[in-house]
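# I would like the atomic coordinates for the input below:
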Amino acid sequence: MEDLSAQFPILREMAFFNHAGVAPISGPAAEALRQYTQQAVTKAYCGARWYPRAQQVKQSAAQLIGADTPDEIAFVANTSTGISLVAKGLDWKPGDEAVITNVEYPANRYPWEDLKRFGVRLVEVPQRPDGRINVNDAVNAVTPRTRVVAISHVQYASGFRIDLRPISEAVHKAGGYLCVDAIQSVGAMPVDVNELGIDFLAADGHKWLLSPEGCGIFYCRQALLERLHPNIVGWMNMTDSSNYGDYRFEFEPTAKRFEPGSYNIPSILALGASIRLLLDTGLDTVWSRIESLTVRLCQGLAKKGYRLFTPRDHAHERSGIVIFSPPPSSIRATPPPTQIVADLEKHNTVIVVREGRLRASPHYYNTPQQIDTLVNALP
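I've put the predicted structure just below:
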């Protein structure tokens, strides 16, 4: 594989395997931030045309997830905000149901749990002991009262990737919608909202998209834009918003209706630079490299007696996340996961603990040699 250290200087510093957490920003993202800072400190916004640049980032984001148009993309502060746009934006009635799993990251649980105060029933699909969310379990949880199935494309604490298409077909047949937390898949693998039948999608930029925290994307299918009432109303989500003195209370017809105020311009520019890098590399190439690295990791873990929790029997279940546990204790006790993580970090190798297990999540720029370094360093 070609040398990517110019685009990812962290390669010179450490073996970093926590892209499912907070990832390093890419070199192009850092350069976008530098250019913004230089322009802002010397010329303020004069001649910058940052907002037209932001529209170009929306075009790239739409391409990244297979959206029909950039008008279906809004910038949000984080995944929680995007999911809350759906949870708070729909017109709920007592007795309506929202289907989730019992192992969602809190960002994809609490917005739905909050709806209980409106009489909405939360239906949980349990994770099976093997780490899978059974697709049939999710499909069977859908009833005529289901308004939304809210599910992660890839689960943060198991690495399991679920087949979304049967779920979208079931919820659409019931008259509801599919809302996807895609923070653990977008940027790591090809994602196509139309192919998967996704109605709403949220993903922050600070994981697999290799950009700063506090800026992500929200997708809303064009036909559903007016069904979501913006839960924050400001000056910018109105039609003709730059005509400040002409008060016109009329929401934008595009996903801009979900953007109430001024943009986080530096982070949007950085996000755009990283998305462009991923698109230029090719998402098929990105995913192929990630899969190759995770296969190598799993093979190394097996040789050392580590126990794999992530379901990986079928290619369509795999993600960039590998969850594993130390070997069963023998004569010489294995350190607990938290100690293993701390010891590795002393030697510039980064993994984390999630739900009592070890988690490694390499990106496409990591090298096979770094995977071997991780495996060899494990006790």
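
# helix, strand or coil for Leu178?
strand (DSSP: H, G, I helix; E, B strand; the rest coil).

# and the closest residue to it other than its chain neighbours, what does it touch?
Leaving out its chain neighbours, the residue that sits closest to Leu178 by Cβ to Cβ, 6 or more residues apart in numbering is Ser168, at 4.4 Å. The way it works is simple: take the backbone N, C-alpha and C, and place the C-beta from them, glycine included. The contact partners of Ser168, by Cβ atoms under 8 Å, 6 or more residues apart in numbering, come to Val149, Leu178, Leu196, Gly197, Ile198, Asp199.

# narrow the residues you listed to those in helices?
Leu196 (DSSP state H).

# quick one: pLDDT of Arg332?
Arg332 carries a pLDDT value of 65.

# same check on Asp3?
At Asp3, pLDDT is 81.

# if we can go back for a sec, can you convert the contacts of Ser168 into JSON lines and add a column each for neighbour count?
Below are these laid out as JSON lines (neighbours: other Cβ atoms under 10 Å):
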{"residue": "Val149", "neighbour count": "29"}
{"residue": "Leu178", "neighbour count": "25"}
{"residue": "Leu196", "neighbour count": "19"}
{"residue": "Gly197", "neighbour count": "20"}
{"residue": "Ile198", "neighbour count": "25"}
{"residue": "Asp199", "neighbour count": "22"}
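
# which members of the contacts of Ser168 are the farthest-apart pair?
The most widely separated members of those, counting by Cβ to Cβ, are Val149 and Leu196 (12.2 Å).

# what is in contact with these two at once?
Shared contacts of Val149 and Leu196, counting by Cβ under 8 Å, 6+ apart, come down to Ser168, Leu178.

# please enumerate the helices of the protein.
So, for the chain - with DSSP H - the helices run 27-43, 50-65, 79-89, 110-113, 135-140, 165-173, 193-196, 265-281, 283-303, 337-346, 368-377.

# the inter-axis angle of the last one versus helix 283-303?
I take that to be helix 368-377. Here helix 368-377 runs at an angle of 20 degrees relative to helix 283-303 (axes from the mean of the first three to the mean of the last three Cα atoms, to 10 degrees).

# list the buried ones in helix 368-377?
Of all the residues in helix 368-377, those buried under the rule 16 or more other Cβ atoms under 10 Å are Gln370, Ile371, Thr373, Leu374, Val375, Ala377.

# other residues contacting that helix?
With Cβ under 8 Å, 6+ apart, helix 368-377 has contacts from 15, 17, 292-293, 296-297, 300-301, 303-304, 343-344, 347, 349, 351, 360, 362.

# now swap in the third one and tell me
Applying Cβ under 8 Å, 6+ apart, the external contacts of helix 79-89 come out as 74, 76, 98, 107-108, 111-112, 114-115, 148, 150, 177, 179, 181, 183, 200-204, 216-218, 220, 227-231, 258.

# emit the ChimeraX select command for whichever of those residues are buried.
If you want just the buried ones from the contacts of helix 79-89 in ChimeraX, going by 16+ other Cβ under 10 Å, the selection is:
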select :74,76,98,107,108,111,112,115,148,150,177,179,181,183,200,201,202,203,204,216,217,218,220,228,230,258
